[in-house]
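Asks: Show me how the following folds:
(8 chains)
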8 protein chains.
Amino acid sequence: MADGTAGVFTPDHEREARCGFAEVVFAEGKTAAHVCSIAERIIDRSGYVLMTRVRPDQEEALAARFDDLVALPSCRLALIDRRPDGLGTRNLPADEDLKVARLLEGGIGQVMVACAGTSDLPVAREAAITARFMGSAVQLIADIGIAGIHRLLAHEDDLRRARAIAVVAGMEGALPSAVAGLVDVPVIAVPTSVGYGASFGGLAALLGMLNSCAGGVSVVNIDNGFGAGQILDRINRPPARFS
Amino acid sequence: MADGTAGVFTPDHEREARCGFAEVVFAEGKTAAHVCSIAERIIDRSGYVLMTRVRPDQEEALAARFDDLVALPSCRLALIDRRPDGLGTRNLPADEDLKVARLLEGGIGQVMVACAGTSDLPVAREAAITARFMGSAVQLIADIGIAGIHRLLAHEDDLRRARAIAVVAGMEGALPSAVAGLVDVPVIAVPTSVGYGASFGGLAALLGMLNSCAGGVSVVNIDNGFGAGQILDRINRPPARFS
Amino acid sequence: MADGTAGVFTPDHEREARCGFAEVVFAEGKTAAHVCSIAERIIDRSGYVLMTRVRPDQEEALAARFDDLVALPSCRLALIDRRPDGLGTRNLPADEDLKVARLLEGGIGQVMVACAGTSDLPVAREAAITARFMGSAVQLIADIGIAGIHRLLAHEDDLRRARAIAVVAGMEGALPSAVAGLVDVPVIAVPTSVGYGASFGGLAALLGMLNSCAGGVSVVNIDNGFGAGQILDRINRPPARFS
Amino acid sequence: MADGTAGVFTPDHEREARCGFAEVVFAEGKTAAHVCSIAERIIDRSGYVLMTRVRPDQEEALAARFDDLVALPSCRLALIDRRPDGLGTRNLPADEDLKVARLLEGGIGQVMVACAGTSDLPVAREAAITARFMGSAVQLIADIGIAGIHRLLAHEDDLRRARAIAVVAGMEGALPSAVAGLVDVPVIAVPTSVGYGASFGGLAALLGMLNSCAGGVSVVNIDNGFGAGQILDRINRPPARFS
Amino acid sequence: MADGTAGVFTPDHEREARCGFAEVVFAEGKTAAHVCSIAERIIDRSGYVLMTRVRPDQEEALAARFDDLVALPSCRLALIDRRPDGLGTRNLPADEDLKVARLLEGGIGQVMVACAGTSDLPVAREAAITARFMGSAVQLIADIGIAGIHRLLAHEDDLRRARAIAVVAGMEGALPSAVAGLVDVPVIAVPTSVGYGASFGGLAALLGMLNSCAGGVSVVNIDNGFGAGQILDRINRPPARFS
Amino acid sequence: MADGTAGVFTPDHEREARCGFAEVVFAEGKTAAHVCSIAERIIDRSGYVLMTRVRPDQEEALAARFDDLVALPSCRLALIDRRPDGLGTRNLPADEDLKVARLLEGGIGQVMVACAGTSDLPVAREAAITARFMGSAVQLIADIGIAGIHRLLAHEDDLRRARAIAVVAGMEGALPSAVAGLVDVPVIAVPTSVGYGASFGGLAALLGMLNSCAGGVSVVNIDNGFGAGQILDRINRPPARFS
Amino acid sequence: MADGTAGVFTPDHEREARCGFAEVVFAEGKTAAHVCSIAERIIDRSGYVLMTRVRPDQEEALAARFDDLVALPSCRLALIDRRPDGLGTRNLPADEDLKVARLLEGGIGQVMVACAGTSDLPVAREAAITARFMGSAVQLIADIGIAGIHRLLAHEDDLRRARAIAVVAGMEGALPSAVAGLVDVPVIAVPTSVGYGASFGGLAALLGMLNSCAGGVSVVNIDNGFGAGQILDRINRPPARFS
Amino acid sequence: MADGTAGVFTPDHEREARCGFAEVVFAEGKTAAHVCSIAERIIDRSGYVLMTRVRPDQEEALAARFDDLVALPSCRLALIDRRPDGLGTRNLPADEDLKVARLLEGGIGQVMVACAGTSDLPVAREAAITARFMGSAVQLIADIGIAGIHRLLAHEDDLRRARAIAVVAGMEGALPSAVAGLVDVPVIAVPTSVGYGASFGGLAALLGMLNSCAGGVSVVNIDNGFGAGQILDRINRPPARFS
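Replies: Below you'll find the predicted structure:
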């Protein structure tokens, strides 16, 4: 193949038809050149692409190749959106906090992403941007950890407006249980690698969430904000045949 | 308190209002007497109760106290249903296979529970009965593991009829990834403790599922069919305010 | 030595002077005969003895040797108290629930033992009886787990009356964090081995508690109610030189 | 919000009232800008702030914003104290050893922080400074590990003057057991990540401490000197309602 | 010895006679000087040498000493081949993708190396080059992971042409099971360290592969492409006494 | 379905065509009734069936249903063979040692199963019987562990007669490395759960084998003799299209 | 072979010549019949045999075959000694405590076995009997754990009389470090599986001992008293060529 | 104290008297200034000092302070020896290989250090230099791993000349078992962190060595060459009272 992906990338052209969204590029472990080639193949077919775990050198190469690239280095995402009804990716502010806020505007239905502490924010943003990019309206709330339980209870109304909730937490990972005890919708728990020594890179939070005593909690991989965002969207925006 | 649960059980009377379903009794580690007392308190208020991880001595004590108890020892469930529109629990066949089939009739919407091997059936049944008891219509498919991938592909139409799918598997726990690559709805992965030595009681399947390369997969605890069933129902039968 | 403990038991006669309480017998892994001999040696010197992790055969042998033995098989404790100002161990009710309640009466100061679920009760009782036996007044509250956070908040006044609080929980072990966020006294977290597969015998709760995001929490070994009880007492009843 | 913490930080204004001390900032995983903003919010309300796990870039940004910042890079702490009766933070010596010694002067009651080896000193200092900042008088003793048990015994009088003792140790983590066998007050064990390969980042010391055969020992997370310091203070300086 | 390997390297001169291939140099943990000396000793005797896990500084030193060195930095291999019937290592293209393609030409019999994702390509190439260097004809197929199972099925004919198949995958490591269910030849599974947090450096894939529900699967160490390549060759090119 | 396997068992009728051998029944976790039904379905189609991990109650039920059942309780195998050119299963001796010896007679090509100690014999026999049942000639050698390396060297000729070798070992699992250094054919390493405490149920042997410094070693699950036997056969008796 | 060990046991006739002691039988995982046959083979050649990890059914079969069998069920040892200068095994008392004391009389040089608690006694006795059976004079001291460090210091003279010391401990496994800090001879640390939940079957003690901060400590497997005893003897009674 | 170690270092002046060698400095985690001060204190008293795990900045500071420092950066050792009968540390060659060879000359008795591969050499040298510095004559043999067992057998005579043997190995850690089966003296096994992914930083080798099927093997921490060297010396050069 002329574009250099022969023997490297086997496109799954039917992914969008089967699963509702084109292939997402997991950039880790790939060369910058391969990421660019793969992104091009996906855009050519689908008109949009989402890339996760993007390293600085990959981001730089992508920006050189695609002038409409949107990069969010704090959460290691990059995306291109040429869909007519896509995200508004023109004239975004340079400041990343403001950029995230702008990208999260709009969307359909309602999901929530909540995180326990400010240190969990990168993963929470990965989840929120993913769900929004896939079409869902997203509310993002930060820093409502269980050590100040009143902060969580103050958001009870917000919680009940969401069709599904992703809860992002490191350390003991207890927030999903507290949230799940307050709502009647699915809770997607996302452990993060934030914590002192015996968090063992997020293992403590992961085990805590898997053992939640509250009903309705399922768990994704450590720091996997992307996975949680996609599930939120699948619950919130069911395929047309179910609506 | 007269019924013996003082200092033992603190009822959460608002659970049904907040979370859509009354408290479920996790029987493990409780005395048979305490399980009976707790069950009585819940039935008195809600008219139904679901008990998981029921030991034979607990089942016997429950059967002696409640003559409308439905027991499913193969998956360690017991339940009582006095709701007017509940499950048909009268005149159930004695054979447990037939009893499960009868209990799974009816329900609203559509979810699926699929398991990789016959050895995973007890956990799959726990998930299916839970979702059905909560109100959902459930299809249960057994023994479509990844070593004979054609068996899975033969069920592609069934898979696409479901609003959410629980996939139960032990050993390497690969089935959820294969299923998730075929559908556009959430997949709830349930690892089981079935396997040779290095399954480490289900840890291998658990890690496999958490690391699924396919989008839309979240995971519950090892052998936690109950948890998966409840999530299926929450996705399938959204609270009234969302419909 | 005539009593059979030669080469088996090296008494630490100064333990009570140094540490404020005579040696406690960890019965696990000992023969019944050795437990009896050791208990006798301690009683002869101190007038009381506490034994933990007592097996039925050990309890039987102790009861045959000591007619004032108090046994609590549900939490595997046995004790003898011949101190003039000791626990009232005469005429105890046969029912274990009532026996525990009676033994917990009295004491100095105030500590609390709270547990997340009824399945954690044996460990919570081990902690409570230990603290009471050492001299502290103890309040025991059961089943206020985090899935129904309002149950915990309803006890806020009780929590603030205690000079120290032991929080006993299995599964994700989140209750200590929630409690610690409400109080300004030390919280001793006790993980239990209660839970589904990936609790890994209490490891999930242990890690959760060690990673508590709330200040003031320290942790003891899995199912180690005894250890927690002793610490409660040391905080609540400081040595005379500090009062 | 004007100060940039909107969507990033949810202040817990009642923390000081509930728990006796304002929120402490865990700096790990936060941007320098966010740490500054959060610190400002807390100082505005409480007049003091403690920050742990501070990176050099965060320390630099804090020093640029707050000219009364006290930084202790060897133990990764930073603090600001504008309380009338606070620590003397003016005219501190530049040398960090001397600075620590000066900050530890004064305080109420008596607690001890002991560490096994010189390599454990950073964590021990984190504990000592925390306890002192919260109000307690603190004695810090270094390098009395168990391989030279006579060094420990030489401090028996010091040990018995303390109302509570934090024992900091890496490698096999045995020192807390030896200390606890000598005293009748609570011992807070702090495992450190110091050691050869099979210390597994402090896991060996953590497990050793959790399994202490001596009574009165509870454990905090690996390298969590801050947590230990706070518990020392809670034991040493009980809330007014207990004194 | 004059060449500097005395006390450092004990040559195993009979390795080629016993095991069919000269010693392979595992470069990790060795100085560049020692790697050069060892390589020289092996070439002198056998006329070829394969080096794995080569660091940049080692590669540089080797290139300075041997002008016919072939280096493949993306998979950390280096090799020298002076056999009359060896690989064609003259005039190789500079581009590494093309160089790999050229080196894989030729060979005897047929084996396959398949990898799940582009991120697994370095390990897959290590396996393929190893098998080819030892004499086997190798087909390398990339990016046919289980999330798009149709990509795998499209290669069913290729799979059945191979006498043995190495399947390289990270994350959940499910591809070997799917492949093994389609063929009647041995499958060598190679877990890679590619993945999110709970892949634990390849442990998830490793456990998944060890627990494969499909027959005929055996496993090598994480990222050990070399090992898999050698086994492929041993199956494909049996010693002369078996043919 | 009339035979009771509806909803329980999905036959994979093409397994034999795709993979060269009919489905093997993993009996663990199945009811005796289900094992019987499944066995019947497979025999009806293929004329033979192999069952692994058979419990005594399952063996009893099978023996009652099939009068030509061959049971080997020491290695938990059961099999039925009605193939014209199958194993001679008539008039087998009652003694299990003799029965194993008789069943291992005959077969095509040559493979070896070697085990380190007598305690590893059950797993070694599972491997040997599996390979023989699939068609291969098998030599079984016991008790040649690495602590007496001369015993291994005495078998060097036998080792070199085998087209592939399964090496079964518990404890440190070192035997496969020693064997692989002597031969030029593939070695399949089988860790067993035999050993003192820190063997952790075979984990030590498993890790040892995965880290073998000798080339040509791949590994199957702990105690998975069946898996090793099948791989031996696939290497030894290649599909017709390769011969 | 006539005695039934053909294909089961490969005798290592030169073991005694090479290693100074005949093969020791690890009985775990062997049938009673095989243990008897193997024991007979060893006795016939060497005149003595030591068997470890003996199950009751094996002990019974051995006693039926050998009327001079000495069984110590509390530490799972069995031995036969027909050496002219062997242990005195005639007319041993029936009581196991007394039997152990009698067997430990005599011997050459001096080693010590010390254990931390009475619960560690079975493993300590396994070590002591092994060393004595091999020829060494052994002193056994029980229950000198680190929580009462004065008990250890009281034995300082005994410690310094020993040429090597085995220290047996469960829980945190700290005793070896304390002992090693007092002596100038090798210390062999033996972790036991005694302890609460997070001892993880002896893992905590094992890691503690491996991380000992004191010089001169090496470690054997969990509960492996036999291994420690043999090392004590090898240090205490060097081969003739060294004396 | 004037030299800056007040509050940092508690000298154990009696260590040499009790344990036969002055304190050894574990440099990891200490500042360069503290290492210098501590070294000075020890030299002043004992006339020699050994420092392990020395970082480059520490080595530089030591060299600036002590002009008779001997540094061995490849094994991270530094030492000063002013004993009249100490090592010859004057006029050492600059080349580290030659320097090690020179330092190993001389000594009393005979011990051996053997390592499996060249990559294990740094740890083996740490062991050898330590034993030699303490007084023992040491032979160091490299690269005799188990994959070429004949290399080991060729050293059988050397092995039998040693009073104790340290065996250093990474990967599967099998070499100690093979060595121990050939000798009748104690074997000290040293696992190294050399290996592919599933060596888990030396855990595989550590577990392998702990589970050795050969008698006489005890184990030290991963990469702890120092510890092994000290034990070799304690076995080889017994305290005067034993000779």
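Asks: switch to C-alpha atoms for all contacts and neighbour counts from now on
Replies: OK.
Asks: Pull the contacting residues for A:P238.
Replies: By CA atoms under 8 Å, 6 or more residues apart in numbering or on different chains, the contact list for A:P238 reads B:163, B:185.
Asks: What segments of chain A are helices?
Replies: Listed in chain order, the helices of chain A (DSSP state H) span A:15-19, A:32-46, A:56-65, A:96-103, A:121-134, A:149-153, A:156-161, A:175-180, A:203-210, A:225-236.
Asks: Which of those helices has the highest mean neighbour count?
Replies: helix A:203-210 (a mean of 31; mean count of other CA atoms under 10 Å in any protein chain shown).
Asks: got a pLDDT number for A:V187?
Replies: Per-residue pLDDT puts A:V187 at 98.
Asks: OK, contacts around it?
Replies: With CA under 8 Å, 6+ apart, A:V187 has these contacts: A:164-167, A:176, A:179-180, A:216-218.
Asks: in stretch A:133-150, what counts as buried?
Replies: Neighbour counts over stretch A:133-150 (16 or more other CA atoms under 10 Å in any protein chain shown) mark A:133-150 as buried.
Asks: and chain A, which residues reach chain E?
Replies: Listed as neighbours of chain E in chain A under the rule CA under 8 Å from any CA of the partner chain: A:7-10, A:12, A:15, A:27-30, A:193, A:201-203, A:221-224.
Asks: dump the residue contacts of the residue in chain A that chain G sits nearest to.
Replies: Closest contact between chain A and chain G, by CA to the nearest CA, is at A:A198 (13.7 Å). Contact partners of A:A198, counting by CA under 8 Å, 6+ apart, are A:204, C:207, C:210-211, D:203, D:221-222.
Asks: residues in contact with A:K30?
Replies: Each residue near A:K30 by CA under 8 Å, 6+ apart is listed here: E:118-119.
Asks: ok, A:C75 touching A:A128?
Replies: No: contact criterion CA atoms under 8 Å: A:C75 and A:A128 do not qualify, at 10.6 Å.
Asks: How much space separates A:M209 from A:D143?
Replies: 18 Å (CA to CA, to the nearest Å).
Asks: Leaving out chain neighbours, which residue sits closest to A:G107?
Replies: Once flanking residues are discounted, A:G107 sits nearest to A:A137: 3.9 Å by CA to CA, 6 or more residues apart in numbering or on different chains.
Asks: Let me see the contact set for the one you found.
Replies: Neighbouring residues of A:A137 by CA under 8 Å, 6+ apart: A:104-111, A:131.
Asks: Would you list the buried entries among those residues?
Replies: Taking 16+ other CA under 10 Å as the criterion, what is buried in those is A:104, A:107, A:109-111, A:131.
Asks: Considering those residues, which is situated nearest to chain E?
Replies: Using CA to the nearest CA, the buried ones among the contacts of A:A137 come closest to chain E at A:A131, 18.9 Å.
Asks: right, and the closest one touches A:L232 too?
Replies: Yes: here A:A131 lies in contact with A:L232, judged by CA under 8 Å, at a distance of 6.4 Å.
Asks: So which elements touch the strand ranked longest in chain A?
Replies: Taking DSSP state E as the criterion, chain A has its longest strand at strand A:108-115. With contacts taken as 3 or more CA pairs under 8 Å, 6 or more residues apart in numbering or on different chains; DSSP states H and E, strand A:108-115 sits against helix A:121-134, strand A:136-141, helix A:156-161, strand A:165-169, helix A:225-236.
Asks: Tell me which of these approaches E:L92 most closely.
Replies: helix A:225-236 (41.2 Å; CA to CA).
Asks: and the residue nearest in space to the middle of chain A, what is it in contact with?
Replies: By CA atoms, centre = their mean, the mean C-alpha position of chain A lies nearest to A:A127, the distance being 2.2 Å. Contact analysis of A:A127 by CA under 8 Å, 6+ apart lists A:113, A:166, A:224-230.
Asks: What of A:A189?
Replies: A:166-169, A:176, A:209, A:217-220, A:228.
Asks: Redo those residues as TSV? Include distance to B:N236.
Replies: TSV is the format used below for the contacts of A:A189 (distance: CA to CA, whole Å):
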residue	distance to B:N236
A:A166	18
A:V167	21
A:V168	24
A:A169	26
A:P176	21
A:M209	22
A:V217	15
A:S218	15
A:V219	18
A:V220	20
A:A228	18
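Asks: between those, which is closest to B:L69?
Replies: Nearest to B:L69, judged by CA to CA, of the contacts of A:A189 is A:V217 at 27.9 Å.
Asks: Relative to A:D233, how far out is the closest one?
Replies: Distance of A:V217 to A:D233, computed by CA to CA: 16 Å.
Asks: Per-residue pLDDT of the residue nearest to the centre of chain A, please?
Replies: The model reports A:A127 with a pLDDT of 98.
Asks: and what of the one 5 residues further on?
Replies: At A:R132, the pLDDT value in this model is 97.
Asks: cool, and the one 5 residues further on?
Replies: Residue-level confidence at A:A137 comes out at 97, pLDDT.
Asks: Equivalent analysis for A:G227, please.
Replies: At A:G227, the model reports a pLDDT of 97.
Asks: quick one, what contacts it?
Replies: A:127, A:220-221, B:215-217.
Asks: give me that answer again for 7 Å
Replies: For A:G227, the contact set (CA atoms under 7 Å, 6 or more residues apart in numbering or on different chains) comprises A:220, B:215-216.
Asks: Report how many residues lie close to the nearest residue to A:L69 once chain neighbours are set aside.
Replies: Once flanking residues are discounted, A:L69 sits nearest to A:I80: 5.1 Å by CA to CA, 6+ apart. When neighbours are defined as other CA atoms under 10 Å in any protein chain shown, A:I80 has 23 of them.
Asks: so A:I80 sits right up against A:D68, yeah?
Replies: Yes: the pair A:I80 / A:D68 is scored as a contact, 6.3 Å apart, by CA atoms under 7 Å.
Asks: okay, and the common contacts of those two?
Replies: The overlap between the contact sets of A:I80 and A:D68 (CA under 7 Å, 6+ apart) is empty.
Asks: what sits against A:E40?
Replies: The contact partners of A:E40, by CA under 7 Å, 6+ apart, come to none.
Asks: If we use 10 Å, what do you get?
Replies: Each residue near A:E40 by CA atoms under 10 Å, 6 or more residues apart in numbering or on different chains is listed here: A:3, A:34, A:46-49, A:62, A:65-66.
Asks: pLDDT weak spots in chain A?
Replies: Applying pLDDT under 70 to chain A flags residues A:1-6.
Asks: 90 instead, please
Replies: A:1-17, A:19-20, A:85-91, A:95-97, A:143-151, A:172, A:194-200, A:213, A:215, A:242-243 (pLDDT under 90).
Asks: what's across from A:A166 in the sheet?
Replies: When assigned by DSSP bridges, A:A166 has beta-bridge partners A:V113, A:I188.
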